[in-house]
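Engineer: This is the structure alone, sequence omitted:
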């Protein structure tokens, strides 16, 4: 997990808040599974997250495309941000265990796929522009930009979740 905070007066306070409240319940190990059973059907994406404090706590989420996402200028604050302004999508993150189909979060997602096209080794960038949320939380402070992202790589089905 990485974030960039451009808020001169309370940068440390916001960074601490982001560190204490990470996405996906604070998991540190992630696994993305891509399954395509037929060329006629769309691939399904599953995100598995494991809590490193308790190796038996393992959560699975279905990831589904909601719509195209707008490129946000604040994503340029990340080192690779300026080079990935093309195919952004909004993705819902839906817990599989609840069975209710309700998203717990929505992210702007960019998929960087290597050429020749192979999902294995490609990367997914889960990004959030938290500027407005932080401005609401700290209304008296001068906040220019707050962005967070998680960069994950695809794995083949059956691979073990690694640090």
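Structural biologist: In hand now; what should we look at? Everything numeric in this text was worked out from a predicted model, so none of it was measured.

Engineer: for the residue most central in space within the chain, what are its contacts?
Structural biologist: Geometric centre of the chain, nearest residue: residue 126, 2.5 Å, by C-alpha atoms, centre = their mean. The contact partners of residue 126, by C-beta atoms under 8 Å, 6 or more residues apart in numbering, come to 23, 91, 107, 108, 109, 149, 150, 151, 152. In this view, the C-beta of every residue, glycine as well, is placed from N, C-alpha and C.

Engineer: Output those residues in TSV, with distance to residue 136 and secondary structure appended to each entry.
Structural biologist: Listed next are the contacts of residue 126 as TSV, based on distance: C-beta to C-beta, whole Å; DSSP: H, G, I helix; E, B strand; the rest coil:
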residue	distance to residue 136	secondary structure
23	18	coil
91	24	strand
107	19	strand
108	19	strand
109	24	strand
149	21	strand
150	23	strand
151	27	strand
152	28	strand
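
Engineer: Report the buried residues of stretch 30-47.
Structural biologist: By neighbour count, with 16 or more other C-beta atoms under 10 Å as the criterion, the buried positions of stretch 30-47 are 30, 31, 32, 33, 34, 45, 47.

Engineer: Report the secondary structure element holding the fourth one.
Structural biologist: When you say that, I think you mean residue 33. When secondary structure is defined using DSSP states H and E, the element that contains residue 33 is strand 29-35.

Engineer: Walk me through which strands that strand pairs with, and which way each runs.
Structural biologist: Sheet partners assigned to strand 29-35 using DSSP bridges are listed as strand 44-50 (antiparallel), strand 145-155 (parallel).

Engineer: Of those strands, which is nearest residue 98?
Structural biologist: Distances from residue 98 to each of these were compared using C-beta to C-beta; the shortest belongs to strand 44-50, at 14.5 Å.

Engineer: helix or strand right after that closest one?
Structural biologist: Secondary structure here is assigned by DSSP H and E; on that basis, the next helix or strand after strand 44-50 toward the C-terminus is strand 58-68.

Engineer: what lines up beside that next one in the sheet?
Structural biologist: Looking at strand 58-68 with DSSP bridges, its partner strands are strand 44-50 (antiparallel), strand 88-95 (antiparallel).

Engineer: would you list the strands paired with strand 29-35 in a markdown table and tack on distance to residue 11?
Structural biologist: Conversion of these to a markdown table gives the following (distance: least, C-beta to C-beta, whole Å):
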| stretch | distance to residue 11 |
| --- | --- |
| strand 44-50 | 28 |
| strand 145-155 | 9 |
